[in-house]
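**Q** The sequence and its predicted three-dimensional model are supplied below.
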Amino acid sequence: MAEVTATSSSSQTPKARLHLLDLPLETLRQILFEALMCGIEARQPYPLGRKSLPFDRHLHPVFSREELATLEQRVWGCPSFWGKETMTRLMRVNKQFYEEVYKILWSDFALHTAGLLENDESVILDWLDTYNPRAFDSVRHVHIRWEVLVTSPMPDWDYYRDNIMAYIKSFPGLLSVRFQISLQKSFSSEENDMDELKPLAVERILTLVGLLGNLDVKISWEPHPRWPDGKEIIDQCLEKLGQGQKLPLLHQQHLQSWPTEVMYINPAFKDVEVVCPRPSPEEMRSFFTRDWALKHWPKADRLKP
(Lines give C-alpha, C1' and ligand atoms only; values in the text may rest on other atoms or scores of the structure.)
Protein backbone atom coordinates (compact mmCIF):
# COMPACT_ATOMS: atom_id res chain seq x y z
CA MET A 1 0.00 0.00 0.00
CA ALA A 2 1.31 3.40 -0.92
CA GLU A 3 2.30 5.54 2.01
CA VAL A 4 0.25 8.67 2.46
CA THR A 5 2.05 11.54 4.06
CA ALA A 6 -0.16 14.02 5.92
CA THR A 7 0.74 17.66 5.62
CA SER A 8 -0.11 19.92 8.50
CA SER A 9 -2.01 23.10 7.78
CA SER A 10 0.82 25.08 9.32
CA SER A 11 3.22 23.89 6.63
CA GLN A 12 0.94 24.82 3.73
CA THR A 13 1.79 27.91 1.73
CA PRO A 14 -0.77 30.55 2.65
CA LYS A 15 -2.91 31.78 -0.23
CA ALA A 16 -2.27 35.32 -1.31
CA ARG A 17 -5.17 37.60 -0.43
CA LEU A 18 -6.52 39.52 -3.36
CA HIS A 19 -6.70 43.24 -2.64
CA LEU A 20 -9.36 45.36 -4.31
CA LEU A 21 -6.69 47.63 -5.75
CA ASP A 22 -4.99 44.62 -7.38
CA LEU A 23 -7.99 43.99 -9.62
CA PRO A 24 -7.87 45.00 -13.29
CA LEU A 25 -8.78 48.65 -13.65
CA GLU A 26 -12.00 47.98 -15.57
CA THR A 27 -13.17 45.52 -12.91
CA LEU A 28 -12.35 47.99 -10.14
CA ARG A 29 -14.22 50.78 -11.91
CA GLN A 30 -17.28 48.55 -12.37
CA ILE A 31 -17.30 47.73 -8.65
CA LEU A 32 -16.99 51.41 -7.77
CA PHE A 33 -19.75 52.27 -10.25
CA GLU A 34 -22.14 49.75 -8.68
CA ALA A 35 -21.30 50.94 -5.17
CA LEU A 36 -21.83 54.53 -6.26
CA MET A 37 -25.20 53.74 -7.86
CA CYS A 38 -26.37 52.09 -4.64
CA GLY A 39 -25.77 55.35 -2.80
CA ILE A 40 -27.40 57.45 -5.50
CA GLU A 41 -30.52 55.33 -5.88
CA ALA A 42 -31.00 55.22 -2.12
CA ARG A 43 -31.36 59.00 -2.21
CA GLN A 44 -33.61 59.21 -5.30
CA PRO A 45 -31.12 60.12 -8.04
CA TYR A 46 -32.95 62.84 -9.94
CA PRO A 47 -35.54 64.41 -7.65
CA LEU A 48 -36.58 67.04 -10.20
CA GLY A 49 -38.89 64.51 -11.84
CA ARG A 50 -39.23 64.99 -15.57
CA LYS A 51 -36.82 67.90 -15.54
CA SER A 52 -34.01 65.33 -15.25
CA LEU A 53 -34.61 62.42 -17.63
CA PRO A 54 -31.40 60.54 -18.48
CA PHE A 55 -31.21 59.30 -22.06
CA ASP A 56 -28.50 56.66 -22.55
CA ARG A 57 -26.21 57.37 -19.57
CA HIS A 58 -26.65 58.40 -15.96
CA LEU A 59 -26.76 62.08 -15.10
CA HIS A 60 -24.40 64.07 -12.96
CA PRO A 61 -26.53 67.01 -11.81
CA VAL A 62 -24.66 70.15 -10.73
CA PHE A 63 -26.12 72.69 -8.34
CA SER A 64 -24.71 75.83 -6.81
CA ARG A 65 -24.69 75.73 -3.01
CA GLU A 66 -27.54 78.24 -2.81
CA GLU A 67 -29.67 76.23 -5.24
CA LEU A 68 -28.89 73.02 -3.41
CA ALA A 69 -29.96 74.50 -0.07
CA THR A 70 -33.24 75.71 -1.60
CA LEU A 71 -33.96 72.33 -3.15
CA GLU A 72 -33.16 70.42 0.04
CA GLN A 73 -35.22 72.65 2.30
CA ARG A 74 -38.14 73.73 0.09
CA VAL A 75 -38.55 70.99 -2.52
CA TRP A 76 -37.21 67.62 -1.38
CA GLY A 77 -37.40 67.94 2.38
CA CYS A 78 -34.29 65.75 2.77
CA PRO A 79 -30.50 66.03 2.33
CA SER A 80 -28.99 65.66 -1.12
CA PHE A 81 -26.60 62.92 -2.18
CA TRP A 82 -24.90 65.19 -4.70
CA GLY A 83 -22.12 67.38 -3.37
CA LYS A 84 -22.61 66.23 0.22
CA GLU A 85 -20.76 64.01 2.67
CA THR A 86 -22.59 60.86 1.55
CA MET A 87 -21.25 61.22 -1.94
CA THR A 88 -17.63 61.60 -0.86
CA ARG A 89 -17.34 58.38 1.18
CA LEU A 90 -15.87 56.28 -1.63
CA MET A 91 -13.54 59.13 -2.51
CA ARG A 92 -12.14 59.26 0.98
CA VAL A 93 -10.92 55.63 1.01
CA ASN A 94 -7.64 56.54 -0.66
CA LYS A 95 -6.24 58.66 -3.45
CA GLN A 96 -6.76 56.01 -6.14
CA PHE A 97 -10.42 55.64 -5.22
CA TYR A 98 -10.75 59.41 -5.34
CA GLU A 99 -9.40 59.55 -8.88
CA GLU A 100 -11.47 56.63 -10.17
CA VAL A 101 -14.76 57.88 -8.68
CA TYR A 102 -14.00 61.35 -10.01
CA LYS A 103 -13.54 59.90 -13.52
CA ILE A 104 -16.77 57.94 -13.31
CA LEU A 105 -18.85 60.92 -12.27
CA TRP A 106 -17.26 63.55 -14.49
CA SER A 107 -16.28 61.50 -17.55
CA ASP A 108 -18.77 58.60 -17.68
CA PHE A 109 -21.90 60.33 -16.44
CA ALA A 110 -23.49 63.18 -18.43
CA LEU A 111 -23.07 66.60 -16.83
CA HIS A 112 -26.55 68.00 -16.22
CA THR A 113 -27.23 71.61 -15.31
CA ALA A 114 -29.99 71.04 -12.78
CA GLY A 115 -31.82 73.07 -10.20
CA LEU A 116 -33.60 76.39 -10.23
CA LEU A 117 -31.61 78.06 -13.00
CA GLU A 118 -33.32 77.72 -16.37
CA ASN A 119 -31.38 77.96 -19.62
CA ASP A 120 -28.41 79.78 -18.11
CA GLU A 121 -25.43 77.47 -18.43
CA SER A 122 -23.07 80.45 -18.17
CA VAL A 123 -23.80 80.55 -14.44
CA ILE A 124 -22.63 76.94 -14.11
CA LEU A 125 -19.45 77.74 -16.07
CA ASP A 126 -18.61 80.57 -13.68
CA TRP A 127 -19.32 78.32 -10.74
CA LEU A 128 -17.12 75.49 -12.05
CA ASP A 129 -14.35 77.94 -12.82
CA THR A 130 -14.38 79.01 -9.18
CA TYR A 131 -14.88 75.69 -7.41
CA ASN A 132 -13.72 72.92 -9.71
CA PRO A 133 -11.77 74.03 -12.81
CA ARG A 134 -10.44 70.52 -13.28
CA ALA A 135 -13.90 69.54 -14.53
CA PHE A 136 -13.47 71.41 -17.82
CA ASP A 137 -10.92 68.86 -19.07
CA SER A 138 -12.76 65.89 -17.55
CA VAL A 139 -16.30 66.25 -18.93
CA ARG A 140 -17.05 63.99 -21.91
CA HIS A 141 -20.84 64.12 -22.03
CA VAL A 142 -23.46 66.80 -21.31
CA HIS A 143 -27.22 66.58 -20.87
CA ILE A 144 -29.12 69.81 -21.52
CA ARG A 145 -32.78 70.48 -20.76
CA TRP A 146 -34.07 72.88 -23.39
CA GLU A 147 -37.43 74.61 -23.04
CA VAL A 148 -38.70 75.46 -26.52
CA LEU A 149 -41.64 77.85 -26.68
CA VAL A 150 -43.50 77.16 -29.91
CA THR A 151 -44.13 80.68 -31.04
CA SER A 152 -42.83 83.16 -33.60
CA PRO A 153 -40.43 84.77 -33.12
CA MET A 154 -38.79 82.62 -30.46
CA PRO A 155 -37.90 84.86 -27.49
CA ASP A 156 -34.15 85.36 -26.98
CA TRP A 157 -33.27 82.72 -29.61
CA ASP A 158 -29.92 84.31 -30.50
CA TYR A 159 -28.97 84.63 -26.83
CA TYR A 160 -29.86 81.02 -26.11
CA ARG A 161 -28.01 79.67 -29.14
CA ASP A 162 -24.85 81.63 -28.30
CA ASN A 163 -25.10 80.65 -24.64
CA ILE A 164 -25.35 76.94 -25.45
CA MET A 165 -22.48 77.09 -27.94
CA ALA A 166 -20.23 78.82 -25.39
CA TYR A 167 -21.15 76.19 -22.80
CA ILE A 168 -20.37 73.26 -25.10
CA LYS A 169 -17.08 74.74 -26.33
CA SER A 170 -15.92 75.07 -22.71
CA PHE A 171 -15.28 71.30 -22.56
CA PRO A 172 -12.45 70.49 -25.01
CA GLY A 173 -12.78 66.72 -24.53
CA LEU A 174 -16.56 66.63 -25.08
CA LEU A 175 -17.86 63.64 -27.06
CA SER A 176 -21.65 63.76 -26.84
CA VAL A 177 -24.58 66.08 -26.21
CA ARG A 178 -28.11 65.05 -25.27
CA PHE A 179 -30.94 67.57 -25.55
CA GLN A 180 -33.98 66.91 -23.39
CA ILE A 181 -36.55 69.13 -25.12
CA SER A 182 -39.59 70.46 -23.31
CA LEU A 183 -41.96 71.88 -25.91
CA GLN A 184 -44.45 74.41 -24.65
CA LYS A 185 -47.25 76.01 -26.56
CA SER A 186 -47.56 79.77 -26.44
CA PHE A 187 -50.78 80.86 -24.75
CA SER A 188 -51.19 83.51 -27.44
CA SER A 189 -51.05 80.97 -30.25
CA GLU A 190 -54.36 79.93 -31.77
CA GLU A 191 -54.91 76.33 -32.80
CA ASN A 192 -54.96 77.27 -36.46
CA ASP A 193 -51.48 78.83 -36.10
CA MET A 194 -49.86 75.50 -35.16
CA ASP A 195 -49.52 74.38 -38.77
CA GLU A 196 -47.18 77.35 -39.29
CA LEU A 197 -45.44 77.30 -35.91
CA LYS A 198 -44.51 73.61 -35.76
CA PRO A 199 -42.16 73.79 -38.78
CA LEU A 200 -40.46 76.81 -37.20
CA ALA A 201 -39.83 74.84 -34.01
CA VAL A 202 -38.39 71.96 -36.04
CA GLU A 203 -36.11 74.39 -37.88
CA ARG A 204 -34.78 75.91 -34.65
CA ILE A 205 -34.02 72.52 -33.12
CA LEU A 206 -32.27 71.26 -36.24
CA THR A 207 -30.30 74.51 -36.58
CA LEU A 208 -28.84 74.16 -33.09
CA VAL A 209 -28.03 70.47 -33.58
CA GLY A 210 -26.33 71.31 -36.88
CA LEU A 211 -24.02 73.82 -35.19
CA LEU A 212 -22.48 71.08 -33.04
CA GLY A 213 -20.41 69.62 -35.85
CA ASN A 214 -18.99 66.15 -35.30
CA LEU A 215 -20.27 65.68 -31.75
CA ASP A 216 -22.60 62.77 -31.04
CA VAL A 217 -25.90 64.62 -30.60
CA LYS A 218 -29.28 63.09 -29.81
CA ILE A 219 -32.59 64.65 -28.84
CA SER A 220 -35.50 63.38 -26.76
CA TRP A 221 -38.93 64.67 -25.86
CA GLU A 222 -39.86 65.54 -22.31
CA PRO A 223 -43.54 64.49 -22.09
CA HIS A 224 -45.79 67.44 -21.38
CA PRO A 225 -49.38 66.54 -20.36
CA ARG A 226 -50.68 69.99 -21.22
CA TRP A 227 -49.48 69.71 -24.82
CA PRO A 228 -48.94 66.11 -25.94
CA ASP A 229 -48.90 67.23 -29.59
CA GLY A 230 -45.35 68.46 -28.99
CA LYS A 231 -44.15 64.91 -29.63
CA GLU A 232 -45.01 65.42 -33.31
CA ILE A 233 -42.31 68.09 -33.54
CA ILE A 234 -39.68 65.82 -31.98
CA ASP A 235 -40.70 62.94 -34.25
CA GLN A 236 -40.15 65.17 -37.29
CA CYS A 237 -36.73 66.18 -35.98
CA LEU A 238 -35.77 62.55 -35.32
CA GLU A 239 -36.78 61.61 -38.85
CA LYS A 240 -34.75 64.43 -40.41
CA LEU A 241 -31.73 63.59 -38.20
CA GLY A 242 -31.96 59.92 -39.04
CA GLN A 243 -32.31 58.97 -35.38
CA GLY A 244 -34.48 56.03 -34.41
CA GLN A 245 -37.48 56.59 -32.16
CA LYS A 246 -36.75 53.58 -29.94
CA LEU A 247 -35.83 54.89 -26.50
CA PRO A 248 -32.88 53.49 -24.49
CA LEU A 249 -33.85 51.29 -21.53
CA LEU A 250 -32.45 53.81 -19.02
CA HIS A 251 -34.71 56.52 -20.44
CA GLN A 252 -37.75 54.23 -20.42
CA GLN A 253 -37.18 53.31 -16.79
CA HIS A 254 -37.10 56.92 -15.68
CA LEU A 255 -40.20 57.81 -17.71
CA GLN A 256 -42.00 55.05 -15.83
CA SER A 257 -40.70 56.44 -12.54
CA TRP A 258 -42.24 59.84 -13.31
CA PRO A 259 -45.57 59.10 -15.04
CA THR A 260 -46.91 62.55 -14.17
CA GLU A 261 -45.48 65.95 -13.40
CA VAL A 262 -44.51 66.59 -9.79
CA MET A 263 -45.09 69.81 -7.92
CA TYR A 264 -41.88 71.79 -7.88
CA ILE A 265 -42.18 73.62 -4.57
CA ASN A 266 -43.52 71.34 -1.86
CA PRO A 267 -46.43 73.16 -0.15
CA ALA A 268 -45.29 71.82 3.21
CA PHE A 269 -41.97 73.66 2.85
CA LYS A 270 -43.00 76.77 0.88
CA ASP A 271 -42.56 79.07 3.91
CA VAL A 272 -39.30 77.57 5.12
CA GLU A 273 -36.51 80.10 5.50
CA VAL A 274 -33.65 78.76 3.43
CA VAL A 275 -30.32 78.58 5.25
CA CYS A 276 -27.13 77.94 3.30
CA PRO A 277 -24.57 76.74 5.89
CA ARG A 278 -20.82 76.82 5.46
CA PRO A 279 -19.68 73.56 3.84
CA SER A 280 -18.18 70.94 6.12
CA PRO A 281 -14.61 69.68 5.58
CA GLU A 282 -16.10 66.47 4.13
CA GLU A 283 -18.02 68.47 1.56
CA MET A 284 -15.00 70.62 0.79
CA ARG A 285 -13.10 67.44 -0.07
CA SER A 286 -15.83 66.29 -2.45
CA PHE A 287 -15.38 66.48 -6.20
CA PHE A 288 -17.49 69.64 -6.35
CA THR A 289 -15.16 71.88 -4.39
CA ARG A 290 -11.84 70.10 -3.82
CA ASP A 291 -9.71 72.36 -6.05
CA TRP A 292 -11.16 75.45 -4.43
CA ALA A 293 -10.66 73.93 -0.96
CA LEU A 294 -6.99 73.20 -1.58
CA LYS A 295 -6.47 76.87 -2.38
CA HIS A 296 -8.56 78.51 0.32
CA TRP A 297 -9.33 76.16 3.20
CA PRO A 298 -6.91 76.41 6.14
CA LYS A 299 -4.46 73.48 6.09
CA ALA A 300 -5.34 72.54 9.67
CA ASP A 301 -8.99 71.99 8.65
CA ARG A 302 -8.47 69.81 5.58
CA LEU A 303 -6.99 66.44 4.85
CA LYS A 304 -5.89 64.91 1.57
CA PRO A 305 -8.37 62.36 0.23
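**A** Now that the structure is in, tell me what you want to look at. Residues are numbered from 1 along each chain as shown.
**Q** can you tell me how far His58 sits from Gly230?
**A** Look at His58 and Gly230: by CB to CB, to the nearest Å, they are 25 Å apart. In short, each C-beta sits where N, CA and C put it, glycine included.
**Q** Please, where are all the helices along the stretch 201-305 of the chain?
**A** 230-241, 249-257, 281-284, 290-296 (DSSP state H, counting those that start in this stretch).
**Q** looking at those helices, which one has the lowest mean pLDDT?
**A** Per-stretch mean pLDDT for those is lowest at helix 290-296 (a mean of 53).
**Q** ok, so what distance separates Cys21 from Met87?
**A** Actually, residue 21 is Leu rather than Cys. 21 Å.
**Q** Oh, that last question was meant for Val148, not what I typed.
**A** Counting by CB to CB, the gap from Val148 to Met87 is 32 Å.
**Q** Give me the distance between Leu32 and Arg278.
**A** In terms of CB to CB, Leu32 sits 29 Å off from Arg278.
**Q** Any regions of the protein where pLDDT drops low?
**A** For the chain, residues meeting the criterion pLDDT under 70 lie at 1-18, 44-47, 114-120, 152-155, 186-192, 259-268, 279-305.
**Q** Which stretches in this structure count as strands?
**A** Taking DSSP state E to define them, one finds strands in the chain at 59-62, 110-113, 141-150, 176-185, 216-221.
**Q** Rebuild those strands as CSV, extending it with distance to Asp156.
**A** Below are those laid out as CSV (distance: least, CB to CB, whole Å):
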stretch, distance to Asp156
strand 59-62, 23
strand 110-113, 17
strand 141-150, 10
strand 176-185, 14
strand 216-221, 20
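**Q** can the ones you listed go into TSV with extra columns for mean neighbour count and distance to Arg204?
**A** Shown next, in TSV, are those (neighbours: other CB atoms under 10 Å; distance: least, CB to CB, whole Å):
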stretch	mean neighbour count	distance to Arg204
strand 59-62	24	24
strand 110-113	23	20
strand 141-150	21	7
strand 176-185	20	10
strand 216-221	18	12
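**Q** Which of Leu32 and Arg278 has more residues huddled nearby?
**A** Ranked by neighbour count (other CB atoms under 10 Å), Leu32 and Arg278 place Leu32 first, with 19 against 7.
**Q** wait, that one sits on Val101?
**A** Yes: using CB atoms under 8 Å, Leu32 is in contact with Val101, at 5.8 Å.
**Q** got any residues that touch both of these two?
**A** The contact sets of Leu32 and Val101 overlap at Leu90 (CB atoms under 8 Å, 6 or more residues apart in numbering).
**Q** hmm, back to that, Leu21 and Met87: which is more packed in?
**A** Met87 (22 against 12).
**Q** okay but that one is in contact with Phe81, surely?
**A** Yes: contact criterion CB under 8 Å: Met87 and Phe81 qualify, at 5.4 Å.
**Q** Give the residues shared as contacts by these two.
**A** Gly39.
**Q** Asn214: neighbour count?
**A** When counting by other CB under 10 Å, one arrives at 6 neighbours for Asn214.
**Q** For it, give me its contacts.
**A** Per CB under 8 Å, 6+ apart, neighbours of Asn214: none.
**Q** Quick check, Arg74 in contact with Leu68.
**A** No: using CB under 8 Å as the test, Arg74 is too far from Leu68 to be in contact (11.2 Å).
**Q** When these two are compared, which one has more neighbours?
**A** Neighbours per residue (other CB under 10 Å) separate Arg74 from Leu68, with Leu68 holding more: 23 against 19.
**Q** Just give the closest residue to Trp106, not the sequence neighbours.
**A** Ser138 (4.0 Å; CB to CB, 6 or more residues apart in numbering).
**Q** In contact with the one you found, which residues?
**A** Tyr102, Lys103, Trp106, Ser107, Gly173.
**Q** same thing with Ala166?
**A** Glu121, Ser122, Leu125.
**Q** Drop anything exposed from these.
**A** Among the contacts of Ala166, the ones that count as buried by 16 or more other CB atoms under 10 Å are Glu121, Leu125.
**Q** nearest to Arg134, of the contacts of Ala166?
**A** Leu125 (13.9 Å; CB to CB).
**Q** dump the residue contacts of the closest one.
**A** Residues in contact with Leu125, defined by CB under 8 Å, 6+ apart, are Ala166, Tyr167, Ser170.
**Q** Take those and write them to a markdown table, including distance to Leu255.
**A** Output for those, formatted as a markdown table (distance: CB to CB, whole Å):
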| residue | distance to Leu255 |
| --- | --- |
| Ala166 | 31 |
| Tyr167 | 26 |
| Ser170 | 30 |
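**Q** Trp221 is in contact with Leu183, isn't it?
**A** Yes: counting by CB under 8 Å, Trp221 does reach Leu183; the two are 7.2 Å apart.
**Q** Give the residues shared as contacts by those two.
**A** Joint contacts of Trp221 and Leu183 (CB under 8 Å, 6+ apart) are Gly230, Ile234.
**Q** Nice, that's everything, thank you.
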